[in-house]
Every structure is written in structure tokens, then in C-alpha cells.
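S.K.: Please work out how this folds:
(chains A and B)
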Amino acid sequence: MDHIDRKIISASQAGLPLTPEPYQTLAEQIDISVNELMQRLTDMQEQGIIRRIGAIPNHYKLGYQHNGMTVWDINDAHIDELGKKVGALGFVSHCYHRPRHLPDWPYNLFAMIHGKTAEAAERQIQQIADLLGEYCRAHEVLYSTRILKKTGLRIKNNVPS
Amino acid sequence: MDEIDRAIINTLQVGFPICPSPYKKVAKTLNISEQALIERLQTLLDNGILSRFGPMFHAEQMGGALTLAAIKAPQDNYDTMAEIINSFPEVAHNYAREHVLNMWFVLATETPEQIQQVINQIEAQTGLTVYNMPKIQEYFVGLKLEA
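M.R.: Numbering: from 1, shown residues only, chains lettered A, B, ... in the order given. Sure, this is the predicted structure:
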């Protein structure tokens, strides 16, 4: 990643211009050709620096009112095997192994679920619980009550390259 | 939000092409005009149905770092704590959750060292302990929610 890539990130991180030729608009902003801009975006996408170009909806406004971070206390010896299985459930949007903070926080497996109804969310949680079975010592579900911020990643303009 | 809006959201969650006239290309698959697509996208962004439209960057692949962190914010100054935390550009998102740990935010920084620096600054400004929970392993990221 060089200083031009950084300029591209900086100019597009708030969003893509809603102009008929958005890449041309961006290229003009950072003073490179549109072909170079498109090539660099393609390269960054191939390298995984860009996960994808697309839209991020607000879950609530799509009708998903019951967004839960389900957290589970799993025997460390089995967490990778079980984490992969939970992550493969069609309704889980994110699934991670994260550290415990004992004694306050005994949970090491995190899986996000999204339901349009409380019942739908409960059914998803039950499916995860069934899958984990006896390997789960305890679990909780932390429903989100408000989005306080959702801007995505931001880099600063003035950081030297 | 009508059927066309839903189709736009479902299509654009999957991806957006890199070509000279990408809206025109997507509009064609949706059977609407380029102008209609751009106008509807603007509306979906203005009314908050879409939080963002554009490239999604991966902090770690850029040489940076990400973490999930939480605090126990006292109820009587919860909004003040949220304001302090949201004021950091490194806070990519922040959610209120029902738990003793009642505020959960994602930090994205340009270098791994900055994670701890930002946590220290948040602790200094809020007077609260930040529970840092960086991922040990990622099993899955990426469900698209059907509109």
C-alpha cells in the first residue's frame, strides 16, 4: 500500500460518489487517471485490503429488531472445531474466538444473530445451544438496544505514508 | 421501501462492479434506469436504511488492527460516555447492549500499537476500565441480511 492507495482509501471511506461515473469522480479528487484508480481498487480487492465494495444496511431498518451477540463459555480444547460449526450456521453473521476476562467474563465464543422477531432470534440461539451441547458451560445473549455509532473504518488524511 | 429498494439492497450487499459506469451496469440487471438507481440509493442513505455504500476496508490487511472492546457505563452518564467514545475516529462502530458490560465498540487502527494507545486514552477520558477482546480466531464473517 503506497501513498496513492492511502489517498484512495481516504477519499472513499465515507462512501462512493453517487455520480454516473463514481470512479472518475474519485480519480479527479485524487488527481490520478480513472484507469489507474480502477486498477488499484481491483488490486486492493484481490489483496483483501478491500473486503468488497457494496452496501451496509442498518439491521433495524430492514426489520431485524432482535440483534443478539451470543456469547458462550467453551472448553478451549474444542473451541476451533465448534467455532467453525457455529460460523457455518446460515444465520450467524460473525463468529469469533475471543479472550475471557475472568472472573467477570467467562465467555470465549462470540456469534452474532439477527431476528425479525424475538421468537426467530430465540430459535437461532437454541440451534447454537443444541450444536454446542455439553461443551458449553454457560452462555448469555447481549441484545443491542441502540446503534451508538456505525461509520466503519476511518484513516486520517494527514498520516505520513 | 418497496420491492425495487429491496432488490437494490440485496444486490448491493453482494458487491458492486469496478467499471466506468457501474450504476448503469447494476441498474440494467435490476431493470431500472441508472438515474433511478442513483436516486434511490441516495434516499436509502439519507433515511438511514443503508449505513454506508462504498468500499469496505480490512484494517488488518492494511497493516492495522481491530478489536472489540466493552465498558460498564454508569446509567446516569451513559450518553456522555458514548459521546466520549464515539469522538474517537478509531471507533468504527458502537452498540448499546443489555448487560453489565453495556457498551460495545470496535476499534480499527492503522497500526497494532495504536489499539492499546486508544484504549488508554478512552480509559483516561472515561475513568472506566476497558475490556479488550481482540479476536483469537475468526470463524466466519459476512452474512448478508435479506431486505
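
S.K.: The residue in chain A that chain B sits nearest to: how many residues sit nearby?
M.R.: Closest approach between chain A and chain B, counting by CB to the nearest CB: residue A:87, at 3.0 Å. Backbone N, C-alpha and C define where each C-beta goes, glycine included. Residue A:87: 20 surrounding residues under other CB atoms under 10 Å in any protein chain shown.

S.K.: Let me know whether it touches residue A:95 as I believe.
M.R.: Yes. With contact taken as CB atoms under 8 Å, residue A:87 and residue A:95 are classed as touching, separated by 3.6 Å.

S.K.: what residues do those two have in common as contacts?
M.R.: A:111, B:139-140 (CB atoms under 8 Å, 6 or more residues apart in numbering or on different chains).

S.K.: At the geometric centre of chain A, which residue sits there?
M.R.: Nearest to the geometric centre of chain A sits residue A:94, at 6.6 Å (CA atoms, centre = their mean).

S.K.: Show me the beta-bridge partners of residue A:143.
M.R.: The bridge-partner assignment for residue A:143, based on DSSP bridges, gives residue A:68.

S.K.: Now for the closest residue to residue A:69 other than its chain neighbours: which residues touch it?
M.R.: Setting aside the residues directly before and after it, residue A:69 is nearest to residue A:142 in space (CB to CB, 6 or more residues apart in numbering or on different chains), at 4.5 Å. Contacts for residue A:142 were tallied using CB under 8 Å, 6+ apart; they are A:68-71, B:97-99, B:101, B:104.

S.K.: for residue B:119, same thing?
M.R.: So residue B:119 contacts B:69, B:107, B:130, B:132 (CB under 8 Å, 6+ apart).

S.K.: which residues in chain A form helices?
M.R.: Assigned by DSSP state H, the helices in chain A fall at A:3-12, A:22-30, A:34-47, A:79-87, A:118-132.

S.K.: now those as JSON lines including mean pLDDT?
M.R.: Below are those laid out as JSON lines (pLDDT from 0 to 100):
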{"stretch": "helix A:3-12", "mean pLDDT": "94"}
{"stretch": "helix A:22-30", "mean pLDDT": "97"}
{"stretch": "helix A:34-47", "mean pLDDT": "97"}
{"stretch": "helix A:79-87", "mean pLDDT": "97"}
{"stretch": "helix A:118-132", "mean pLDDT": "97"}
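
S.K.: Format the ones you listed as a markdown table; extra columns: distance to residue B:80.
M.R.: Converted to a markdown table, the helices of chain A look like this (distance: least, CB to CB, whole Å):
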| stretch | distance to residue B:80 |
| --- | --- |
| helix A:3-12 | 30 |
| helix A:22-30 | 36 |
| helix A:34-47 | 38 |
| helix A:79-87 | 36 |
| helix A:118-132 | 30 |
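
S.K.: who's in contact with the spatially most distant residue from the centre of chain B?
M.R.: Seen from the C-alpha centroid of chain B, the residue lying at the greatest distance (CA atoms, centre = their mean) is residue B:31, 29.5 Å away. Residue B:31 makes contact with no residue, according to CB under 8 Å, 6+ apart.

S.K.: Pop out the phi and psi values for it.
M.R.: Main-chain torsions, residue B:31, degrees, to the nearest 10: phi 60, psi 40.

S.K.: Of the shared contacts of residue A:87 and residue A:95, which belong to strands?
M.R.: A:111, B:139-140 (DSSP state E).

S.K.: In these, which residue is surrounded by the most others?
M.R.: If you rank those by neighbour count (other CB under 10 Å), residue A:111 sits at the top with 27 neighbours.
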